[in-house]
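Asks: Structure for the following, please:
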Amino acid sequence: QVQLVESGGGLVQPGGSLRLSCAASGFTADYYAIGWVRQAPGKEREKVSCLSNNDGSTFYGDFVKGRFTISRDNAENTVYLQMNSLKPEDTAVYYCAVGLGKCVRDYYPFDYWGQGTQVTVSS
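Replies: Model prediction:
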């Protein structure tokens, strides 16, 4: 059974930083994509970042503009999202997600999602 457990969300002031973590288990494949999506109240789910396990390639939503970095620790089966220069519009629930396939710019092949962690950017 696939389990994705997010942590690291919270309240941060504009311009601040947070690092989200996602501990993944129950998913075994040599060719998969893992990453993050987010959903703000009243808005559609939005792609944040995706990492392809086979070659380490990464993609980010257009709104990221160099502020976020996705990384992984294969030994710990954990993926991270370092978020810097946070803005109030980054406020959302952030979900870790995983699926078979490879990330491309306009498509993240996610099949499983975690429960989410709330990120609130406010002064």
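Asks: so what's Ser71 up against?
Replies: Leu51, Val79, Tyr80, Gln82 (CB atoms under 8 Å, 6 or more residues apart in numbering). Where C-beta positions appear, they are placed from N, C-alpha and C, glycine not excepted.
Asks: measure it to Tyr95 for me?
Replies: Look at Ser71 and Tyr95: by CB to CB, to the nearest Å, they are 17 Å apart.
Asks: how near is Gly10 to Gly61?
Replies: Taken as CB to CB, the span from Gly10 to Gly61 is 21 Å.
Asks: So for the two, which residue has more residues nearby?
Replies: Shown here are Gly10 and Gly61; by other CB atoms under 10 Å, Gly61 has more neighbours (17 against 12).
Asks: Can you tell me the closest non-neighbouring residue to that one?
Replies: Among residues not flanking Gly61 along the chain, Lys47 sits closest, at 4.9 Å (CB to CB, 6 or more residues apart in numbering).
Asks: Give me the pLDDT for the one you found.
Replies: pLDDT for Lys47: 96.
Asks: do the same with the one 5 residues further on
Replies: pLDDT, Ser52: 95.
Asks: try Thr28
Replies: 80.
Asks: What count of nearby residues applies to it?
Replies: Counted with other CB under 10 Å, residues neighbouring Thr28 total 7.
Asks: Is it part of a helix or strand, or is it coil?
Replies: Classification of Thr28 using DSSP: H, G, I helix; E, B strand; the rest coil returns coil.
Asks: Using CSV, list the CA coordinates for the helix or strand Tyr94 falls within.
Replies: Per DSSP states H and E, Tyr94 falls inside strand 92-100. Taking Å, rounded to 0.1, in the frame of the first residue of the first chain, the C-alpha atoms of strand 92-100 are listed here in CSV:
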residue,chain,number,x,y,z
ALA,A,92,-2.2,26.4,0.1
VAL,A,93,-2.3,22.8,1.2
TYR,A,94,0.8,21.1,-0.3
TYR,A,95,0.4,17.5,-1.3
CYS,A,96,3.2,15.0,-2.0
ALA,A,97,2.4,12.8,-5.0
VAL,A,98,4.0,9.8,-6.9
GLY,A,99,3.3,7.8,-10.0
LEU,A,100,4.7,5.7,-12.7
